[in-house]
Each structure stands twice: as C-alpha cells, then as structure tokens.
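Trainee: no letters, just coordinates:
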C-alpha cells in the first residue's frame, strides 16, 4: 500500500472521534456508537500496524508516523490545558485535540484515570489528562503489537 494512504489512514481515529462526539446526544444510537466504534477503531489500529510492517519504513519511523496523530493530539492537549490560561486557550485546538482519545475505548480502563485526582468521585483536569495519556499509550501498544506481528509474519 502507498505510504501516503497509510499516512492518511492514521486520521481515522480523529474522524471516528468527531462522529462519536457529534452523535453522543442521540438517545440510543449515540450510546451504541460510543460503545462499538472505539472497539472497531482498536481492531483497525492493530491491522494498520500490520500494514505499516509491510512498508519500507524502519520500525521507529513506522511507529512514530503511524501514531503521529495521537502523539500530536496529546501534545496539543497538554499544551492547551497546562501551558495556557483560560483567557489564552484556543477552544478549537482544545476540542480538536480531544477527538483522538474519544475514539479509544477508554471505558475499558474503568476508574484508573480517576486515581490521579486528589478528591474522590471527581473528574477534573488530572482525570482528563490521564484519560488522554492512557488512551494514547493504549493505541501505541495496539499499533506496536500489530506492527510486530506483521513483521514476524513477513519474515517467515
């Protein structure tokens, strides 16, 4: 597969995140999409890692390029939330940077992100940062597993 197509496929989680974000308010369909689409994105991400294994990119380059959208999304989110004030924060960048973890099945991690809060039963900035970091690391791991299995089956 062409490298440009592989690169464009890395934007699928962001597009799915927008779809989930814009349909979540729908009574039944929104929740079904919220539960099912992240699982499908995870499966897709695994197979995208396998497709990257067939490319001519080296392993570090493939992992960085393949997970670039998630890493950039995390970087922009941390920049906007930690380094900017409420007055200087760019709302469009902040919202756009949160679309990647929306497409990750973070609901599988249970209450793990809330362990980073100082108050019980509170979802604040620390929880949101933890969700974003855990989601990005999860997707990097899924991609790396797909890449590793793709390389292994390619060498056989």
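Mentor: Happy to help now that I have it. Bear in mind the structure is a predicted one, so any value in this text is a computation, not a measurement.

Trainee: model confidence over the helix or strand where residue 20 lies, on average?
Mentor: Using DSSP states H and E, residue 20 maps to helix 12-23. Computed over helix 12-23, the mean pLDDT rounds to 96.

Trainee: where is the longest helix in the chain?
Mentor: Secondary structure of the chain read by DSSP state H shows that its longest helix is helix 125-155.

Trainee: buried residues in that one, which are they?
Mentor: 126-136, 138-140, 142-144, 146-147, 150-151 (16 or more other C-beta atoms under 10 Å). In short, each C-beta sits where N, CA and C put it, glycine included.

Trainee: low-confidence ranges in the protein?
Mentor: Applying pLDDT under 70 to the chain flags residues 154-156.

Trainee: re the thing from before, tell me which strands and helices the longest helix of the chain is in contact with?
Mentor: Where contact means 3 or more C-beta pairs under 8 Å, 6 or more residues apart in numbering; DSSP states H and E, helix 125-155 is packed against helix 29-53, helix 59-66, helix 68-78, helix 99-102.

Trainee: with distance to residue 12 added, can I get the ones you listed in TSV?
Mentor: As requested, the helices and strands packed on helix 125-155 are exported to TSV (distance: least, C-beta to C-beta, whole Å):
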stretch	distance to residue 12
helix 29-53	6
helix 59-66	11
helix 68-78	9
helix 99-102	10
